[in-house]
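In: No sequence on hand, only this structure:
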């Protein structure tokens, strides 16, 4: 019980400055993290039930255009959270690039 109390006290000390800063400051801090999203970008390929392939990615800049190339190629926009999703593709090997050239991600195959 003593360790739990210490952890809660430590958390309160860490959380208090963020709460005191208000929503404007915390929202600004969250927005500042978005430009670094390409470093965490990943994409995956899965087999669909009809034998085609499904390509999807997360961690890209929100609302950005990304190009995919490999077994097929094209351009797609990410949603506001940085996710894209494409189905009905004919191959399983893809590389995804952001339009600004800051991220190139080799897609990995996911087996269920």
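Out: Received, thanks. Treat the numbers as computed from the prediction; the structure is a model and nothing was measured.

In: State the phi and psi torsions of residue 107.
Out: phi -80, psi 140 (degrees, to the nearest 10).

In: contacting residues for it?
Out: 43, 44, 45, 55, 57, 68, 70, 93, 94, 95, 96 (C-beta atoms under 8 Å, 6 or more residues apart in numbering). To be clear about C-beta, it is placed using only N, CA and C from the backbone, and glycine gets the same treatment.

In: Okay, and the beta partners of the second one?
Out: Under DSSP bridges, the beta-bridge partners of residue 44 are residue 56, residue 108.

In: Now do the contacts for it.
Out: Contact partners of residue 44, counting by C-beta under 8 Å, 6+ apart, are 55, 56, 57, 107, 108, 109, 110.

In: So for it, what's the pLDDT?
Out: Per-residue pLDDT puts residue 44 at 96.

In: can you tell me how far it sits from residue 100?
Out: To residue 100, residue 44 is 22 Å away according to C-beta to C-beta, to the nearest Å.

In: same check, this time on residue 59
Out: 15 Å.

In: So those two - more neighbours on which side?
Out: More crowded of residue 59 and residue 100, by other C-beta atoms under 10 Å: residue 59, with 18 against 10.

In: Isn't the more buried one up against residue 42?
Out: Yes: contact criterion C-beta atoms under 8 Å: residue 59 and residue 42 qualify, at 5.8 Å.

In: about what we covered before: out of the contacts of residue 44, which comes closest to residue 88?
Out: Checking the contacts of residue 44 against residue 88 by C-beta to C-beta gives residue 55 as the nearest, at 9.7 Å.

In: Now do the contacts for that closest one.
Out: Residues in contact with residue 55, defined by C-beta under 8 Å, 6+ apart, are 43, 44, 45, 68, 85, 86, 87, 89, 94, 107.

In: Filter these down to the buried ones, ChimeraX style.
Out: To isolate the buried ones among these in ChimeraX, judged by 16 or more other C-beta atoms under 10 Å, type:
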select :43,45,68,86,89,94,107
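
In: Can you give me the distance of residue 40 to residue 60?
Out: Per C-beta to C-beta, residue 40 is found 9 Å from residue 60.
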